[in-house]
Every structure is written in structure tokens, then in C-alpha cells.
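S.K.: turn this into a structure:
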Amino acid sequence: MFPLVVLLVLGCLSQEAWSCSCGIRHPQSVYCDSAIVIRAKFVGQKISEKNNHRVHYQIKTTKVFKAPEGYDDIQDLYTAVSESMCGYQHTSTNKSEEFIIAGHIVDDDVFINSCSFIASWASMTYCQKRGFIHAYAKNCDCKIKQCSVPPCEIDDDRQCLWTDHLTRQKRAYSGHQAANLACVSNGNGLCIWDSLKSRIYSPTAKSVTK
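M.R.: Got it, this is the predicted structure:
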């Protein structure tokens, strides 16, 4: 079982308000669609000095999987102050626990919300860890299309059909495709599901040592 709550914001992000219409995404889609993907520890929390409608989380980044230039050591995350404004509420009190965090940049600050992909690194499968470290980044040209109600079919050869939802799992990410597979190019213009267990491991993430 893979106990992740993974959601994606659909709508416009602004400094003060969030649109909270969320949809479930495959971890590969989350990686490819996010501006920031890191592994980090939550070490502090306070009301933002810049804006009292925001919570300021202090973090210690241990790995940067994806980030624009200049974001090699992210130490601050921002979110709306209340859940009604889609603010993210961090509940773990374990400051040594590492989380994978996917966020977006708004006016140079890194923002998260209640729809963001934030999950304990230890809770992820071996294949998903490989995906975030290496495989997802190489295959963002491949797109994952969700199938919730059959019949479903892909629109072009660069898509993989995600059918985990049809297996009626209790959790959205306990399905085989989300836990074990990535949508990858076969080198001939076709994207196919492939097991990350069979992929050659080649770490590309940047370490941050403090």
C-alpha cells in the first residue's frame, strides 16, 4: 500500500488566494508539471513577516530534484494561513523526517498549498524513489492520461493510459502503475509503461549539505 495524498491545483495561483479544485495525478505528472521538486525536512513554522495571511515554513533541503537556476538551497516555503484559503497544514512534529515536496514559484517565493504533492520520503515505493531521482525527468515529453470511467483510449502515441482508478483501490496511489511504473519513450516516437525496477540507476539529483 502506498499512503500518499497527492493532489494538484487546477486554476490560477496568486499571492493572496488559491484555487482549490484538485485532481489526482500520477507522481510522474506531478514531477513534470511542478517548478520545484525537493526532499526536505520541516524545521520551523511562523506567520510570514511579509504578509500575515501566509504561513512561513522553514525547511532544510537535503536533495534538489528539480528547480530553476538560483534555487539550489531552498530554505523557505509559503502557504495561505487557513485551510479555507487552501493553506497547507503540516501535522508531523518529527523534524528529522524527510518529505518530498512539489511546489510552484510566485514572485520568487516557493509556494505550497493543500493540493500540493507533499509526502513522507520513507512512505514511497522503491520505484517511485527511482522515478523522482532519475526516470521522471527524462520522460516529461511523455504524458499520462487518466482513465476513470471506461472506455478510455489515448489521443496520440506520446501518451500512456493510467487505469489504476479502475481497480477500486482504497487509496489512489496503491495501484500498480503509480507505485511501480513510469511512462517512458521507447525511442521510436512511442511512449509506453515500463517498470522502474528494470531501469539503470543513475542519480542526478543535487545534494545540499549543511
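
S.K.: okay, now the domains of this protein?
M.R.: Annotated domains of the chain cover 8-122, 125-206 [automatic domain parsing].

S.K.: turn these into JSON lines, columns for mean pLDDT and mean neighbour count.
M.R.: Quick note: C-beta positions are derived from backbone N, CA and C, even for glycine. Formatted as JSON lines, the domains of the chain follow (pLDDT from 0 to 100; neighbours: other Cβ atoms under 10 Å):
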{"stretch": "domain 8-122", "mean pLDDT": "87", "mean neighbour count": "17"}
{"stretch": "domain 125-206", "mean pLDDT": "85", "mean neighbour count": "16"}
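
S.K.: quick one: name whatever helix or strand follows the longest helix along the chain.
M.R.: In the chain, assigned by DSSP state H, the helix with the most residues is helix 27-33. In the C-terminal direction, the helix or strand that comes right after helix 27-33 (DSSP states H and E) is strand 36-47.

S.K.: that next one pairs with which strands, parallel or anti?
M.R.: Here strand 36-47 is paired, per DSSP bridges, with strand 54-66 (antiparallel), strand 98-106 (antiparallel).

S.K.: chain center to that strand: distance?
M.R.: Centre-to-centre, strand 36-47 and its host chain are 14 Å apart (Cα atoms, centre = their mean, to the nearest Å).

S.K.: got the contact list for that strand?
M.R.: Identification of contacts with strand 36-47 by Cβ atoms under 8 Å, 6 or more residues apart in numbering yields 30-31, 54-67, 71, 74, 81, 90, 92, 95-105, 110, 121, 132, 205.

S.K.: 7 Å instead, please
M.R.: Strand 36-47 has contacts (Cβ atoms under 7 Å, 6 or more residues apart in numbering) with 31, 55-67, 71, 74, 81, 90, 92, 95-105, 110, 121, 132.
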